[in-house]
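Trainee: Quick one: sequence and predicted model below, then my questions.
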Amino acid sequence: MNAAPTPPKAELHVHIEGTLEPEMVFDLARRNGIELPHESVADLRAKYRFSDLQSFLDIYYANMAVLRTEADFRDLAAAYLDRCAEQGVRHAEIFFDPQAHLKRGVPMETVIGGLHSALADSDVSASLILCFLRDESAESAAEALRLAEPFLDRIVGVGLDSAEVGHPPSKFTEVFARARELGLRAVAHAGEEGPPEYVREALDLLGVQRIDHGIRALEDPELVERLRRERIPLTVCPLSNVRLGAFAELSGHTLPALLEHGLLVTVNSDDPAYFGGYVDENFDAVRRELGLSTEQLRELAANSFRAAFLDDRRRDEFLAEVAAWTP
Ligand code: HPA
Ligand SMILES: [Zn+2]
């Protein structure tokens, strides 16, 4: 691809299970002796036509069946971190979905152990965010957090993902309170398909420090003003939003409007193996289709470090790198 260079950046919204490329689905199935209901890599990839979040989640969870051993989770994360190194991602905060693995009989220590060993071996700065599945019960989320307690030094925070509509943040008030008591940071998907009210709930009831997606906040001017005033970061995922039908085309994405409102917007890939690109492809697509300037790209990259869970010294070092970047 003839993409223009993009600035050094942090990726703050990527689901590690969403980096599972079709080729790796086949490799891991072979390694684990699992028979797949797909004829070939091309056959599987051809099924990646989604109409909404649920139609994506169905195949996302089905493909996870190939992730069984610590080595599987390590190889998955190592492949993603290699991409980060290629794409100028200096720091990544990586979501994982333990409940989707626990229910298949894969223990928490296998999941966290595998992911963490890849992070420990990589030159890219990275940390893990444990996500609760909002279409599962609050008790199931609490159990996942209990099982993660022996590994808290390997997790920076908790998040909330999966099918949004009908599963408001309020359902998870208690487990987020417990996570914050344990010293964890908190983020939540809100306002992807769900209403602006879910964004307010995530802030007021879950105490989150960032909103994942948040695109529907634009429907509520008071909420937009609050997000601006309180400098709440939004981790926006442009290619994901188009693939899941929030916008018919990238040229109609409201990313420029979010920036014009003065919001702390970042650009991320979400589930790059499914949505047509990693973070650089997202930067390149918004540059081309939305006509973002070099200075706007620099601002998005700087925002990613402002929004990251980094100490001030490292944040300042990364911000200096962004300021010095020339395309
Ligand atoms: O885009 C997403 N939205 C909600 N849940 C998810 N889990 C993986 N990707 C997503
Ligand atoms: Zn997501």
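Mentor: In hand now; what should we look at? Ligands and ions are numbered 1, 2, ... in the order given.

Trainee: So what sits opposite the residue in the stretch 1-150 of the chain positioned nearest to ligand 1 in the bridge?
Mentor: Using CB to the nearest ligand atom, residue 15 is the residue of the stretch 1-150 of the chain that sits closest to ligand 1, at 4.2 Å. All C-beta atoms are positioned from the backbone trio N, CA, C, and that covers glycine. Beta bridges link residue 15 to residue 95, judged by DSSP bridges.

Trainee: from memory it sits against residue 270, does it?
Mentor: Yes - counting by CB atoms under 8 Å, residue 270 is a contact partner of residue 15 at 6.7 Å.

Trainee: Mind checking which of the two has more residues around it?
Mentor: A direct count of neighbours by other CB atoms under 10 Å for residue 15 and residue 270 places residue 270 higher, at 30 against 26.

Trainee: how much space is there between the residue of the chain found nearest ligand 1 and residue 233?
Mentor: The nearest approach of the chain to ligand 1 comes at residue 161, 3.6 Å away (CB to the nearest ligand atom). Look at residue 161 and residue 233: by CB to CB, to the nearest Å, they are 17 Å apart.

Trainee: One more: residue 147?
Mentor: Counting by CB to CB, the gap from residue 147 to residue 233 is 29 Å.

Trainee: cool, and residue 310?
Mentor: Look at residue 310 and residue 233: by CB to CB, they are 13 Å apart.

Trainee: ok, those two, which is more surrounded?
Mentor: Legend: neighbour count by other CB under 10 Å for residue 310 and residue 233, higher for residue 233 (24 against 20).

Trainee: so who does that one touch?
Mentor: For residue 233, the contacting residues are 12, 209, 210, 211, 264, 265, 266, 303, 306, 307, by CB atoms under 8 Å, 6 or more residues apart in numbering.

Trainee: now, which of the residues you listed lie within strands?
Mentor: Judged by DSSP state E, the contacts of residue 233 include 12, 210, 211, 265, 266 as members of strands.

Trainee: Correct me if wrong: the second one contacts residue 307.
Mentor: Which is residue 210. Yes - the pair residue 210 / residue 307 is scored as a contact, 5.8 Å apart, by CB under 8 Å.

Trainee: Need the overlap of contacts for those two.
Mentor: 12, 233, 235.

Trainee: Need those residues in TSV (columns: pLDDT).
Mentor: Output for these, formatted as TSV (pLDDT from 0 to 100):
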residue	pLDDT
12	99
233	99
235	99
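
Trainee: near ligand 1, from those?
Mentor: Contacts with ligand 1 are made by none of these, judged by CB under 6 Å from any ligand atom.

Trainee: count of neighbours near the residue of the chain closest to ligand 1?
Mentor: Around residue 161 there are 27 residues (other CB under 10 Å).

Trainee: looking at the sheet around it, what are its partners?
Mentor: For residue 161, the beta-bridge partners are residue 133 (DSSP bridges).

Trainee: I'd guessed residue 216 sits against residue 197; true?
Mentor: No - at 9.6 Å, residue 216 and residue 197 do not qualify as touching, with contact defined as CB under 8 Å.
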